[in-house]
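K.L.:
After the sequence you'll find the predicted model.
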Amino acid sequence: MATDMSIGLALGYWGREGDDATATVLAAEELGYDSVWTAEAYGSDAFTPLTWYGARTRRIGLGTAVAQLSARSPTATAMHALTLDHLSGGRLRLGVGVSGPQVVEGWYGAPFPRPLERTREYLDIMRQVWRREAPVTSDGPHYPLPLPGGAGLGRPLKPITRPLRPRIPVYLGAEGPRNVALAAGAADGWVPMFFHPERSPALYADALASAPEGFDTACTVTVVPGTDTAAALYTAKAPLAFYIGGMGAARRNFHLDVFVRLGFGDAARKVQELFLAGRRGEAVAAVPDELADALCLVGPLPRIAERLEAWRASPVTTLLVAGVRDEPTLRALRDMVLG
């Protein structure tokens with residue numbers, strides 16, 4: 001279990017708050033935050049905001065949590081990564097994930113099945129690009145290179161740009177135990193969602209058993225400070241209700257599955273039912289206080305400091321704080337985590 005943690009800043013999707021977070025990122029860098037992370041779903045992309053912030057900073061690590069596999073071919077993602085890694089002086093941490101069938105098939109028009117197999121192929125191709133030892137080839141069924149058939153003129157190629165680093169750190173966004181095991185065995189880090197510091201370690205112990213020394217578990221945690229703990233808890237419930245009820249199909253929602261494994265299955269299914277019926281306020285209220293309090297850090301700062309001890313005892317090695325923009329709170333959280 002981790003005893004020392006790094007602290008990073010999770011900005012999520014650009015445009016969610018409609019503003020430029022440069023001032024927050026600069027404050028985080030000045031305060032010694034380890035990294036800043038951006039995300040994508042089906043709106044803004046992850047790489048453009050990260051490049052924007054990278055151009056305005058000099059030290060802070062730059063992470064995607066996560067870039068979606070189906071948004072780009074493996075070679076295209078590898079090109080994005082090697083370019084940003086060069087321009088930032090080797091600061092990139094590439095987080096990737098498969099997303100879910102609603103987004104993969106409904107937004108990207110790509111097939112969803114066999115996500116673990118697709119992820120392995122994807123990682124192999126990206127690492128071939130960065131090593132630049134030979135022309136890139138792949139005989140896998142998902143991303144064959146060169147493409148069979150077609151014009152019949154495809155040939156293996158090496159990137160014309162020499163990567164700054166032959167191995168850019170790759171993190172996997174993973175929720176299911178098999179996908180977490182893949183992260184531990186094939187990636188440099190894991191980006192979990194909805195991590196319960198008391199219950200999740202036992203659920204993922206076997207999956208993480210093969211993780212090498214230095215493996216980084218970088219977990220996004222929503223922080224809602226305030227003197228009214230009940231009000232802060234209600235604020236923290238809103239994104240949980242959205243992911244339980246809205247970020248997945250009624251028949252197949254991988255986020256909901258996480259809450260089932262955590263022991264909140266009945267409550268999660270009720271939240272989903274209310275959300276899909278358009279009763280979103282009721283769905284938010286139906287998220288159990290116990291669940292929101294475990295997954296998030298809410299209330300007065302002394303209470304947050306006390307709750308941090310559970311995270312410190314967990315396998316989480318980098319705490320990515322989300323929802324905080326003001327410098328005094330960023331400073332207070334830094335002091336609590338790095339203390």
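P.N.:
Received, thanks.

K.L.:
C-alpha from now on. contacts and neighbour counts both.
P.N.:
Noted.

K.L.:
Quick check: Gly281 vs Tyr234, distance?
P.N.:
10 Å (CA to CA, to the nearest Å).

K.L.:
These two - which one has more neighbours?
P.N.:
Tyr234 (19 against 12; other CA atoms under 10 Å).

K.L.:
who's in contact with the helix or strand harbouring the more buried one?
P.N.:
Assessed by DSSP states H and E, Tyr234 sits inside helix 229-246. Here helix 229-246 makes contact (CA atoms under 8 Å, 6 or more residues apart in numbering) with 222-226, 253, 255-256, 268, 271-276, 280, 283-285, 287, 289, 292-293, 296, 298-300.

K.L.:
Mind listing what's buried along that helix?
P.N.:
229, 232-238, 240-246 (16 or more other CA atoms under 10 Å).

K.L.:
mean confidence for stretch 232-252?
P.N.:
Average pLDDT, stretch 232-252: 87.

K.L.:
Model confidence for the most centrally placed residue in the chain, exactly?
P.N.:
For the chain, Ala65 is the residue whose C-alpha lies nearest the centre (CA atoms, centre = their mean; 3.1 Å). Looking at Ala65, its pLDDT stands at 97.

K.L.:
That one contacts Ser35, doesn't it?
P.N.:
No. Counting by CA atoms under 8 Å, Ala65 does not reach Ser35; the two are 11.3 Å apart.

K.L.:
overlap in contacts of these two?
P.N.:
In contact with both Ala65 and Ser35: no residue, using CA under 8 Å, 6+ apart.

K.L.:
In terms of helices and strands, where is Ala151?
P.N.:
Short version, using DSSP H and E: Ala151 is in no helix or strand.

K.L.:
Distance of it relative to Ala76?
P.N.:
Ala151 is 21 Å from Ala76, by CA to CA.

K.L.:
ok, so of the buried residues of helix 229-246, who is nearest Ser138?
P.N.:
Checking those against Ser138 by CA to CA gives Tyr243 as the nearest, at 34.8 Å.

K.L.:
Now flag whichever of the buried residues of helix 229-246 is closest to Gly109.
P.N.:
Gly246 (19.3 Å).

K.L.:
quick one, the longest strand seen in the chain and helix 229-246 angle?
P.N.:
Longest among the strand segments of the chain by residue count, using DSSP state E, is strand 216-225. Interaxial angle, strand 216-225 versus helix 229-246 (axes from the mean of the first three to the mean of the last three CA atoms, to 10 degrees): 130 degrees.

K.L.:
Could you give the separation of strand 216-225 from the chain centroid?
P.N.:
10 Å (CA atoms, centre = their mean, to the nearest Å).

K.L.:
Just to check, Pro192 is in contact with Thr217?
P.N.:
Yes. Applying CA under 8 Å as the test, Pro192 and Thr217 come out as touching, 7.4 Å apart.

K.L.:
quick one, which of those two is more surrounded?
P.N.:
For Pro192 versus Thr217, the count of surrounding residues by other CA under 10 Å is larger for Thr217: 24 against 20.

K.L.:
ok, the more buried one - contacts?
P.N.:
So, once contact is read as CA under 8 Å, 6+ apart, Thr217 ends up touching 189-192, 315-318.

K.L.:
Let me have these in JSON lines, extended by secondary structure and distance to Gly95.
P.N.:
What follows is those, written out as JSON lines (DSSP: H, G, I helix; E, B strand; the rest coil; distance: CA to CA, whole Å):
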{"residue": "Gly189", "secondary structure": "strand", "distance to Gly95": "8"}
{"residue": "Trp190", "secondary structure": "strand", "distance to Gly95": "8"}
{"residue": "Val191", "secondary structure": "strand", "distance to Gly95": "7"}
{"residue": "Pro192", "secondary structure": "coil", "distance to Gly95": "11"}
{"residue": "Pro315", "secondary structure": "coil", "distance to Gly95": "18"}
{"residue": "Val316", "secondary structure": "coil", "distance to Gly95": "16"}
{"residue": "Thr317", "secondary structure": "coil", "distance to Gly95": "15"}
{"residue": "Thr318", "secondary structure": "strand", "distance to Gly95": "14"}
